[in-house]
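Undergrad: build the 3D model from these lines:
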Amino acid sequence: MTRLGEAASFESVEAEVKEIEGIHVFVATPQALYRLKKDTLRPLDRQDAVVLRRHFDLEEE
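TA: I've put the predicted structure just below:
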């Protein structure tokens, strides 16, 4: 994610630590990504939210 705008800050987005090639990185959780994308104006973000909800069996908010 390159920018979050006014919806959230890097500090407030729910994240988890993943190990990638021996390096620990913070990544947004599927639930956090869904929340950020579900109500945006961009159609692609709304499509992403649908896919995230279905793939990770997330509750629709």
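Undergrad: mind pulling up the pLDDT for the residue most central in space within the chain?
TA: In the chain, the residue lying closest to the centroid (CA atoms, centre = their mean) is L33, at 1.4 Å. Model confidence at L33, expressed as pLDDT, equals 94.
Undergrad: tell me which residues of stretch 27-47 are tucked away?
TA: Residues 28, 30, 32-38 are the ones in stretch 27-47 that count as buried (16 or more other CB atoms under 10 Å). To be clear about C-beta, it is placed using only N, CA and C from the backbone, and glycine gets the same treatment.
Undergrad: hang on, the earlier thing: can you report how many residues lie near the closest residue to the residue nearest to the centre of the chain other than its chain neighbours?
TA: The spatially closest residue to L33, leaving aside those adjacent along the chain, is L52, at 5.7 Å (CB to CB, 6 or more residues apart in numbering). Other residues within reach of L52 by the criterion other CB atoms under 10 Å amount to 19.
Undergrad: is L52 in contact with L58, as I believe?
TA: Yes - if you go by CB atoms under 8 Å, L52 and L58 touch, sitting 6.5 Å apart.
Undergrad: touching both of those two, which residues are there?
TA: Residues within reach of L52 and of L58 at once, by CB atoms under 8 Å, 6 or more residues apart in numbering, are 30, 34.
Undergrad: can you list contacts of the helix or strand hosting the residue nearest to L33?
TA: Using DSSP states H and E, L52 sits within helix 43-55. Under the contact criterion CB under 8 Å, 6+ apart, helix 43-55 has outside partners 30, 33-34, 36-40, 58, 60.
Undergrad: would you mind measuring from the residue nearest to L33 to H24?
TA: 23 Å (CB to CB, to the nearest Å).
Undergrad: can you show me the strands along this protein?
TA: Counting by DSSP state E, residue ranges of the strands within the chain are 15-20, 23-28.
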